[in-house]
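Enquirer: Build me a model from this:
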Amino acid sequence: MIGRVVARAYCLAWLGAVGTCVFLAGCGQKPTGAQDEGEANMRRMMRLLTKHQQTHMGRLPTNDDDLKKWAKTLKKEDLDLLQITDLEAVYVSPRDKKPYVVNYKVSDPTRYTATKKKDAITGKQILVHEQDGSGGKRYVALSQGGSIELMPDAEFKEHVP
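Expert: Numbers count the residues shown, from 1 in each chain. Prediction:
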């Protein structure tokens with residue numbers, strides 16, 4: 001009887017690990033257009049910021065230079081896990097060809113802290129965004145949950161002074 005319980009627990013743990021791997025690997029189509037590459041690159045930037053937090057007691061770097069200096073110390077294996085093949089390309093949007101803007105003042109991007117009344121209502125605080133974007137929209141990464149959206153410029157201006 002105990003053997004069955006142990007076998008069942010082992011099986012559930014194994015299925016959980018496989019499920020996690022499938023979730024992290026993602027499913028669906030690979031990016032095909034410039035817009036999709038914009039989102040993919042923003043995700044790489046968010047992974048880099050998350051890795052920094054994991055190795056610095058939940059803190060973001062203080063500025064772009066600190067992030068780049070730290071990122072250069074990462075081993076190839078770490079960059080591979082983050083799906084980063086070109087470290088310099090991670091900092092620049094492929095859509096507007098300009099460096100991303102990072103709100104390093106967010107104390108804990110995993111917890112929501114609204115800075116504007118509009119943000120308190122909508123639950124959106126932008127952590128990373130494209131400078132100009134393309135076609136009247138720009139990719140933004142939200143501090144709460146790290147979700148990435150293609151936001152119209154008019155909406156963007158409501159969230160960023």
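Enquirer: Show me which helix or strand of the protein is least confident by mean pLDDT.
Expert: Ranking every helix and strand in the chain by mean pLDDT, DSSP states H and E puts helix 2-25 at the bottom, with a mean of 45.
Enquirer: Do me a favour and average the pLDDT over stretch 37-52.
Expert: Mean pLDDT, stretch 37-52: 94.
Enquirer: Need the mean per-residue confidence for stretch 132-143.
Expert: 94.
Enquirer: end-to-end on that stretch?
Expert: Stretch 132-143 stretches 19 Å from its first residue to its last (Cα to Cα, to the nearest Å).
Enquirer: and what of stretch 135-149?
Expert: 14 Å.
Enquirer: Assess the claim that residue 159 and residue 124 are in contact.
Expert: Yes. At 5.8 Å, residue 159 counts as touching residue 124 under the criterion of Cβ atoms under 8 Å. Where you see a C-beta, it was placed from the backbone N, CA and C, and this is true even at glycine.
Enquirer: neighbour count winner among these two?
Expert: residue 124 (22 against 18; other Cβ atoms under 10 Å).
Enquirer: Could you pull up the residues touching the closest residue to residue 129 other than its chain neighbours?
Expert: Leaving aside its chain neighbours, residue 129 sits nearest to residue 140 (4.3 Å; criterion: Cβ to Cβ, 6 or more residues apart in numbering). Residues in contact with residue 140 (Cβ atoms under 8 Å, 6 or more residues apart in numbering) are 126, 128-130, 148-149, 151, 156, 159.
Enquirer: Can you name the residues bridging to residue 140?
Expert: On the basis of DSSP bridges, residue 140 is bridged to residue 129, residue 149.
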